[in-house]
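**Q** What follows is a predicted protein model with its sequence.
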Amino acid sequence: EVQLVESGGGLVQAGGSLRLSCAASGFTFDDYAIGWFREAPGKEREAVSCISNVDGATYYSNSVKGRFTISSDNAKNTVYLQMNNLKPEDTAVYYCAAAYHYCAGEGDYWGQGTQVTVSS
C-alpha cells in the first residue's frame, strides 16, 4: 500500500521555524520526486518545493525561495521541508506528493496534509 504521511505542522509566530516531514512507503522511493504543495482558504493550490531522488534537482517557488529548504533522506524514505522566517501568508495545509522521476505534474500519490498556521 502506497502511503505518504506528513508531520511537523503546527502553530508558530511570524519569524519562527518549522520542519515538515513526509514519510513514504509502498513504492520505490529512489525512483520518485517528492514535492510539497500548499492550499490556503480562498487560494489556489501552490507548488512550494520539490526534490527529485533521481538526479537531486530541487525546485522552490519564488514565495519561499531563500526561506525554505528541501532535503531527502533516502535511508529513511523521508523528505523534509525546513521552513524558516515564516510569515502569516505561509499559513496553509501542506501536502506532500510523489511524482515518477522528476518534479513535474500533479503527483501520482498524495499525503493527507498537515496544517501550518503562522500568527502575526
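**A** Received, thanks.

**Q** which SSE is the residue positioned nearest the centre of the chain in?
**A** By Cα atoms, centre = their mean, the chain has its centre lying nearest to W36, at 2.7 Å. If you go by DSSP states H and E, W36 is part of strand 32-39.

**Q** and what of G105?
**A** Counting by DSSP H and E, there is no helix or strand that carries G105.

**Q** now it: how far from I34?
**A** Distance of G105 to I34, computed by Cβ to Cβ, to the nearest Å: 13 Å. For every residue, glycine as well, the C-beta is placed using N, CA and C.

**Q** overlap in contacts of these two?
**A** With contacts taken as Cβ atoms under 8 Å, 6 or more residues apart in numbering, the residues that reach both G105 and I34 are A99.

**Q** picking up where we left off before, pLDDT of the strand holding W36, averaged?
**A** Taken as a whole, strand 32-39 has a mean pLDDT of 97.

**Q** Tell me the first helix or strand C-terminal of it.
**A** That would be, after strand 32-39 and using DSSP H and E, strand 46-52.

**Q** Can you tell me which helices and strands that following strand packs against?
**A** Under the contact criterion of 3 or more Cβ pairs under 8 Å, 6 or more residues apart in numbering; DSSP states H and E, strand 46-52 touches strand 32-39, strand 58-60, strand 68-73, strand 78-83, strand 92-100.

**Q** most packed of those strands?
**A** Most buried of these by mean neighbour count (mean count of other Cβ atoms under 10 Å) is strand 32-39; its value is a mean of 24.

**Q** That one vs strand 68-73, what angle?
**A** Using axes from the mean of the first three to the mean of the last three Cα atoms, to 10 degrees, the direction of strand 32-39 lies 150 degrees away from that of strand 68-73.

**Q** strand partners of strand 32-39, parallel vs antiparallel please.
**A** Strand 32-39 has these partner strands in its sheet, going by DSSP bridges: strand 46-52 (antiparallel), strand 92-100 (antiparallel).
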